[in-house]
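Novice: Got a sequence here, can you build the structure:
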Amino acid sequence: MRKQTRSLMVLAGLAVAAQGQTIFERSAGSYTGGQELAGQNNWTQLLNHDTNGVPVVSNQLGGVTFSVDNSAWLINDAASDNAFLVETNGSYVYLDEVSAGNELYSEWTGTMDFSFSFPAATYAAGELPNANFFTIGLTDSTTNGLSEFQQDDVCMFLRYRANNRLDMQLQTEQDADLRIFQTPSDATTYAEPAVLLGMNPQTGDCQSDELRLTWTIRKSTDGAYSAWGSVSNLSSGVWIDDIRTNGLGGNVVSTAGKDKSAAVYASSSPVLAMGRLGSAYQEPFTVAGNGLVDMDINDLTVVKSIVAPALTAPANGSAVAYDSQVTISWEAAAEATGYEVFRATASGGYAAAFTNLAGLSVVDAGLANGTDYFYVVQAVYPGFPNSTNSTEVSATPVAIFTGGLIDTSFTSAEGYSNGDLAGQQGWEAATGTDPNAFNITNATTTGEASTLGNGFGNTNYIGNAVYLDKLMDNLADDTLEGSMEFQVQTYLADGQTVATLLNADILSFGLTSDANSAHVAWDGDKALMLVRLVADGNIAVLFTTENSDASTKLAELQREDLGWDPEDEDADGVTTDDLVSETITLDWSIRKTRESGVYQAKATLGSSTATNTSLAYYTSTKQDMYDSAASRFTLGHYRNAWKTNGTLTNKADVVLEALSLTHTNYPPEVTAPEGVTTLGGDRSVTVSWPSTLEATSYDVLFAEQSGGSQRVIASVSDQTYFDSPRFNGVTNWYTVRANFDAGSADSAEVPGVPFASIKQIDWFGDQTGGKDNISTGQFGLDQTTGLSTNGGMMFLDYTSAPLLSGSVNAKYVNVPLYAIVQNNTVGPDISNGKGAAGLEVQTKTSNGLASDDLDLWANGSAMNLLAYIQTADWSDAEATVDITTDTHSVSLANKLNTGTLRLAIRNNGLWYAHETAVANGTQNIPAGRLDVANLYDENWAAIGAAGVVDPGTLLADPGAFDKTHNDSFTAVDAIGWLYVGATGSRMKVYELSYSSSGSVPSVDYWAGENGVTNLNEDIDGDLLSNLKEYAFGGDPNNGADVGTLPSFTAANLDGVDGFVVVHVELRDPAPGVGYSLERTLNLAIPSWADDPAAEELGTENIDYYFKAVTNFIPADAAAKFLDLKVNEL
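Specialist: Just a heads-up that it's a prediction; the model follows:
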């Protein structure tokens, strides 16, 4: 489509009026066509500078950012400029005149008419741009370019995406959370339903219509800028201002601005700047042209105004009472800089504010307990009136209770009377639940708090509850413990002669920070115990969960010990007594631990015939409850006490006969770590264990024999320790000690055995620490050369020449990767027109993880991939490998797969897939992985026709996994993966690792660890060869550390004069050196040999690595010369 052009006139001046300051307008100014914009009418090149302030022109994208086509200032980006290089940092200009202003609540509103294009042959070459090509905004520095990473800038980026979409982001080049708009396109054909851009590269139309971009950047509060905008087609009138992908509504706030734009935010005189990013030129596009996303700007206007904030009152206020104080909280009001809080002792009776603060909560202290206090909050906007009042909230401070809170049998002697429990002796109804949770019955005699006859609306699932209006501290170690006696009653099911029990939680109680809200086990504002009526008539106790199994039941009593039989398990008919349990005793405690959010619960159930505690304790995270300064006790008839299965209704009531509560304080329990595991590696053991509740640190203890002497080898705060070097094949014993404020406890001892292994494949894309293990950068792969079809499918056969190698792309730095790539349809390329993203090596940093992966993405079709590395390309090249002997371990991991991903091996030309499909990893965090300890021990299934794979026949996920073929796996020559995709296939594999039995010899391992290349050299000049440094425990790089040299001492043994010689030897089972104590009688003409008269007196272990050997050498010759020889074996 032909470019549409319009004239542009720019006024580089200043005008201040009621509607704001005009930064630019098109009606003034004169420009010289055919020259660059920089240097005309105060436009100035925004150069990068080095540390001494000298402009670094070579580091610019090009010498010309924009060139002026005519005197009306139609500008473009100098597409023919040969200096427009991919290695550079972009090219920018700024307006070197009056500041653009930067007051709080400033808005910079711009209108820009523009069009863009890229080489028409780009699509045919299998590539589409995926690039930021323009940026505009404010900068406080004229000595660097515009960037999302520089605190001097706040700017917006225009980005063209490979699926024919146009994005605009604030202060980021591609973060979707800061995306202002994204134009729509059809994911399959790239066609635009709204015909917004006026282009379709699939049909060869790579030129947009003339578009109008309108945008606003606003200086908000708290160090942030916000932005919104829209784009429209000046020919069709179609426009969009929303974010189609995440629905944020087009107005985004750069919360990252506090980190990314701090300098410009603080500046009083930023200037307007714009430019072209280096990514506007992309190297792969040069095969189709100059590789440039070309851009023409036909009109540009920028106006700055001060726009009043909305003066919004704070919402969702709350007031929480405590002893002599109230904590008032509220939500932030947009663009407020502070808040004024007003207090009154009568509703609406407010005078002056008692505080002004920037935060979202305040503690009003020094209040009178028992007095009602009312509060409203106003948002403060500098230069403008405060907002209206927030909704009024109130609270009544009360005294804090501790020690014994209640010990009652609900009798009249204790002040109770028959009727609703709420309103008696400090009990109050939870207003967010159904009323009348418990009735006092038989107050003058036995006294009970009963749910009988009360019921609740079982359809609303909120139950009914009360709370004890005694406020308790909620500090770390605070514990509420109690005891209750109760009976459970159930009923015959409608039309039945037995009850129907439906696994229902019937009684709830515990701590709450919101006394009036309904009881829901998993809500964060409560830490609730649940009494559960199990379907078989058992009674169990849970904590904060309705899921009942062996891992969650704190205690459980069997039906036979409860004195009832509601479902007639005994087959003798159900009487009234069978529907009521005997009195059950429940002793319990709920403790706030020292770990953030975590509560710890204990429970014991008892009857006349049994007592049970199933778990020592159970923990649950309840952050809202944990963050509350105080708590109350709450008690409820739980919402599931009336439960239906669609046919029958289970009803259960509780009769509470006695209740006692005590608020106290307990330190953490000293408990031993459990679940300690070890994982052997080459000369190493990794020790791991789950976190031990409230442990402050851990010690790792080591012993050479089970039950033997232990020593601490590490003190850590994490739950893992890598112990190295250790001798391969030698069992070590490990214990983990958990340390607490008062005391410690040791885990059970576990063995750990290092094993000899050599990594043969290390195709691992993790770039932590700056590694480039797969690729030094992202690149697309050829999707068309050799593309073949077979009926309705197409394929690429990379079984002879590799898909990936250094010769395919110099950025690839690993061993060759071979592959068969298939698509279940016929299209322009193997990804059916997905563009560069269809098949590429992707380098991406996200969520703090930098990694490479092989990325496959089908456009509206299904792709398959069989990728592998051949044994001939391993670090220790082999024609084939016999995996029926020794150990062969493999790891396969992905960041994403939407089909089925399996490990694959090729043996004698036949392919086999592993039984376990690799889990789908997440897009940004590698999560899906398979670790196979030994290939021979696994189940396999043949791929294709009995293991024969034809590139032109669609691969399918195999079945019938077993060990039938395992004994034939004696000639494996390739290891890789099989991916079978569905429509819209997506796969990101980032790791294939393989290790086999074997080990680098100990001498070579030591040499490698110490940078030694010649064992006979003396690199530190201490007159000791590197070999002897190794043998005696010296440091070859430190002349002052020679290890432990042999000692010779005159001695008399059993009347014989001689010498005691003590030397050290390595304890390594395969040290790679030999020690021999030799003598010669003539030093001038030496003849070194073992001394037949020498007597070994014994050996003693010095440490894990060395032992001491003691010999006696008799003085049986006139002259004898001794030497301890060390020889490499």
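Novice: Quick check, Arg1079 in contact with Lys1120.
Specialist: Yes: assessed by C-beta atoms under 8 Å, Arg1079 is found in contact with Lys1120 at 5.3 Å. For the C-beta atoms, the positions are set from N, CA and C on the backbone; glycine is no exception.
Novice: what touches both of those two?
Specialist: Residues touching both Arg1079 and Lys1120 by C-beta atoms under 8 Å, 6 or more residues apart in numbering: 1091, 1113.
Novice: Determine how far the last residue of stretch 1063-1073 lies from the first.
Specialist: One end of stretch 1063-1073 to the other measures 14 Å (C-alpha to C-alpha, to the nearest Å).
Novice: Begin at 682, not 1, for the rest of this chat.
Specialist: In the new count, where the first residue is 682, that last one comes out as stretch 1744-1754.
Novice: buried sites along it?
Specialist: 1744-1749, 1752-1754 (16 or more other C-beta atoms under 10 Å).
Novice: What of stretch 1462-1478?
Specialist: Buried-residue list, stretch 1462-1478, by 16+ other C-beta under 10 Å: 1462-1464, 1468, 1474-1478.
Novice: Show me these that map onto helices.
Specialist: Among the buried residues of stretch 1462-1478, the subset assigned to helices under DSSP state H is empty.
Novice: which among these gets closest to Glu1698?
Specialist: Checking the buried residues of stretch 1462-1478 against Glu1698 by C-beta to C-beta gives Leu1462 as the nearest, at 46.6 Å.
Novice: who are the neighbours in contact with that closest one?
Specialist: When contacts are counted by C-beta under 8 Å, 6+ apart, Leu1462 touches 1484-1485, 1489-1490, 1520-1522.
Novice: ditto for Gly1317
Specialist: Residues in contact with Gly1317 (C-beta under 8 Å, 6+ apart) are 1111, 1114, 1118, 1144-1147, 1188-1190, 1200.
Novice: Give me the helices and strands touching the longest strand seen in the chain, please.
Specialist: As assigned by DSSP state E, the longest strand anywhere in the chain is strand 1330-1346. Judged by 3 or more C-beta pairs under 8 Å, 6 or more residues apart in numbering; DSSP states H and E, the packing partners of strand 1330-1346 are strand 1084-1089, strand 1129-1131, strand 1145-1154, strand 1159-1171, strand 1185-1193, strand 1207-1214, strand 1311-1318, strand 1323-1325.
Novice: From the contact counts, what lies against the third one?
Specialist: Put plainly, it is strand 1145-1154. Using 3+ C-beta pairs under 8 Å, 6+ apart, the elements in contact with strand 1145-1154 are strand 1081-1082, strand 1084-1089, strand 1108-1110, strand 1311-1318, strand 1330-1346.
Novice: Over to the fifth one?
Specialist: For strand 1185-1193, the elements it packs on are strand 1159-1171, strand 1207-1214, strand 1311-1318, strand 1330-1346, judged by 3+ C-beta pairs under 8 Å, 6+ apart.
Novice: My read is that Asp1533 contacts Gln1523, right?
Specialist: Yes: Asp1533 is within contact range of Gln1523, at 7.0 Å (criterion: C-beta under 8 Å).
Novice: neighbour count winner among these two?
Specialist: Per other C-beta atoms under 10 Å, whichever of Asp1533 and Gln1523 has more neighbours is Asp1533, with 29 against 21.
Novice: which element is the more buried one on?
Specialist: Take DSSP states H and E as the rule and Asp1533 turns out to sit in strand 1530-1538.
Novice: For the next helix or strand after that strand, name the packing helices and strands.
Specialist: Downstream of strand 1530-1538, the next assigned helix or strand under DSSP H and E is strand 1543-1551. With contacts defined as 3+ C-beta pairs under 8 Å, 6+ apart, the packing partners of strand 1543-1551 are strand 1499-1504, strand 1530-1538, strand 1581-1588, strand 1653-1664, strand 1667-1678.
Novice: quick one, which of the helices and strands packed on strand 1185-1193 is nearest to Asp1251?
Specialist: Of all these, strand 1159-1171 sits nearest to Asp1251, with 15.8 Å by C-beta to C-beta.
Novice: Quick check: mean pLDDT of the closest one?
Specialist: Regarding strand 1159-1171, the rounded mean pLDDT is 98.
Novice: Grab the nearest non-local neighbour of Thr1761.
Specialist: Leaving out its chain neighbours, the residue that sits closest to Thr1761 by C-beta to C-beta, 6 or more residues apart in numbering is Pro1767, at 4.2 Å.
Novice: Need the pLDDT of the one you found.
Specialist: Looking at Pro1767, its pLDDT reads 91.
Novice: low pLDDT regions in the stretch 1632-1781 of the chain?
Specialist: When the per-residue scores of the stretch 1632-1781 of the chain are filtered using pLDDT under 70, no range remains.
Novice: what ranges do the strands span in it?
Specialist: Remark: strands assigned in the stretch 1632-1781 of the chain by DSSP state E, counting those that start in this stretch are 1653-1664, 1667-1678, 1728-1734, 1737-1747, 1754-1761, 1770-1771, 1776-1782.
Novice: Can you tell me which of those is nearest to Leu847?
Specialist: Among the strands of the stretch 1632-1781 of the chain, strand 1667-1678 comes nearest to Leu847, with 23.0 Å by C-beta to C-beta.
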